[in-house]
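**Q** Let's see this in three dimensions:
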Amino acid sequence: MVNSNNPDIVKKRRLIFYGELPPNSVHGIAISNQINLKMLDSCFLIDIVEENSKLTEHNKVTVRKIINLLKNNLLIKSKSIFHRYDYFYLIFSLSTFGSLKTLSGILIFRLFNRGKVVLHLHRGDFFSRFYKSHINRIITRLVFSLSQKIIVLSDNQKTEFESVFKRPFQVLCNTVETEYKPIVKKRQTCNFIYISNYLIDKGIIDLLEVFKKLTNQYQNITLRTFGAFSDLHLKESILNFESPNISIYGPVFGADKYKEIAQSDCLILPSWNEGQPMILLEAMSVGTPVISTRISMIQELLGVDYPYLSIPGDKDSLEKNIIQFIIQSNPEKISQILESRFASLYSPEMHAKSLQDIFS
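**A** Below you'll find the model as predicted:
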């Protein structure tokens, strides 16, 4: 407890956070939340209302979700009554149910507290959801009107949002966890890796079908995939692709994840929809080349001239990029470019400075 009578002790400000965190939630947004809270911990007393959605409930409205929403709103209410917060920091969920969840949390906080609302947008498909229905547009505009600061992931996204909503937005690029140091690479022969949850819209089936086909032509290539399964039917379909060249694994975390990335020749993320994927930043931080899709902020993340970007959902395009990587003569050049780009644009030090400016 802070001793207010001691002039040498500076009383910390207070922040309440509402969102998903590891290890209960295993995805990029949860990891990003954890990184941000660790950085904010030095200057804030932080209370957490943790949202805990199961991967099997992805894009579904369930009784469990509704019950958790009610419990979390009661928790936000009780904390907002008994503490004087400087900030309410939360993540904006883009589905209709998620938008209502975000709105209800903000309304309860604003009813019982005078702190500022900081809203964080992590998705790259915001406007496709925004224009999908009239109710989405109404809820979103109301949420925005109740938020003092809104965070987006890139300068291009900031420009787009400001042109539509006629208000300022803050930019906070994602970064990686600082406690894992880069590992010296041990290059193999076309050793590919996929690390993401096993969801259809991550393009995992596209990747497995393409890779199975390519092993007939390039017998020395291997693919290792890591992730949590979203449902039993998809799990069965994915496991059917196992072969001497394709290995399927569950989730990988922390130092083990960085080791897998660093010792692979190339990371593949053929996702149909992304914001600013943490896994690509993690690959960049250790200089591992990536093959991904030309969507949302990925091209901005990797650079406009990055050569290995395919069309989402287009298996011919994905196959072409994998073959191009296999036959290339200088993967070290791509590795150096990505590592340098990460250091200059997405380092934890730059992230901490931007975060401090937002919560100043």
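
**Q** Please enumerate the helices of the protein.
**A** 28-40, 63-82, 96-112, 126-130, 134-145, 155-165, 204-214, 232-239, 254-262, 278-285, 298-302, 315-327, 331-345, 348-358 (DSSP state H).

**Q** Okay, buried residues for the second one please.
**A** Translated: helix 63-82. Lys65, Asn68, Leu69, Asn72, Asn73, Leu75, Ile76, Lys77, Lys79, Ser80 (16 or more other CB atoms under 10 Å). Where you see a C-beta, it was placed from the backbone N, CA and C, and this is true even at glycine.

**Q** Then stretch 39-46?
**A** Under 16+ other CB under 10 Å, the buried positions of stretch 39-46 are Met39, Leu40, Phe44, Ile46.

**Q** Stretch 46-64 now?
**A** By neighbour count on 16+ other CB under 10 Å, the buried set for stretch 46-64 is Ile46, Asp47, Val49, Glu50, Glu51, Ser53, Leu55.

**Q** Look up how far Arg64 lies from the closest residue to the fourth one other than its chain neighbours.
**A** Think Glu50. In space, Glu50 comes closest to Leu21 once its chain neighbours are excluded; the distance is 5.5 Å by CB to CB, 6 or more residues apart in numbering. For Leu21, the distance to Arg64 equals 18 Å [CB to CB, to the nearest Å].

**Q** And for Ile35?
**A** As judged by CB to CB, Ile35 and Arg64 stand 27 Å apart.

**Q** Now do the contacts for the nearest residue to Arg84 once chain neighbours are set aside.
**A** Counting by CB to CB, 6+ apart, Arg14 is the residue found nearest to Arg84 once chain neighbours are left out, at 6.6 Å. Residues in contact with Arg14 (CB atoms under 8 Å, 6 or more residues apart in numbering) are Phe44, Leu45, Ile46, Asp47, His83, Arg84, Tyr85, Asp86, Gly115.

**Q** Just the closest of those to Phe165, please.
**A** Gly115 (22.2 Å; CB to CB).

**Q** What's the local residue count around the closest residue to that closest one other than its chain neighbours?
**A** Nearest non-adjacent residue to Gly115, counting by CB to CB, 6+ apart: Tyr85, 3.9 Å away. Using other CB atoms under 10 Å, Tyr85 has 21 neighbouring residues.

**Q** next one: Asp231
**A** Using other CB under 10 Å, Asp231 has 14 neighbouring residues.

**Q** Phi first, then psi, for it.
**A** Dihedral angles of Asp231 (phi, psi; degrees, to the nearest 10) stand at phi -160, psi 160.

**Q** Kindly provide the distance from the closest residue to it other than its chain neighbours to Leu208.
**A** Closest residue to Asp231 apart from its sequence neighbours, by CB to CB, 6+ apart: Thr56 at 6.0 Å. Applying CB to CB, the value for Thr56 to Leu208 is 21 Å.

**Q** Check which residues of stretch 240-255 are buried.
**A** For stretch 240-255, by 16+ other CB under 10 Å, it's Phe241, Asn245, Ile246, Ile248, Pro251, Val252.
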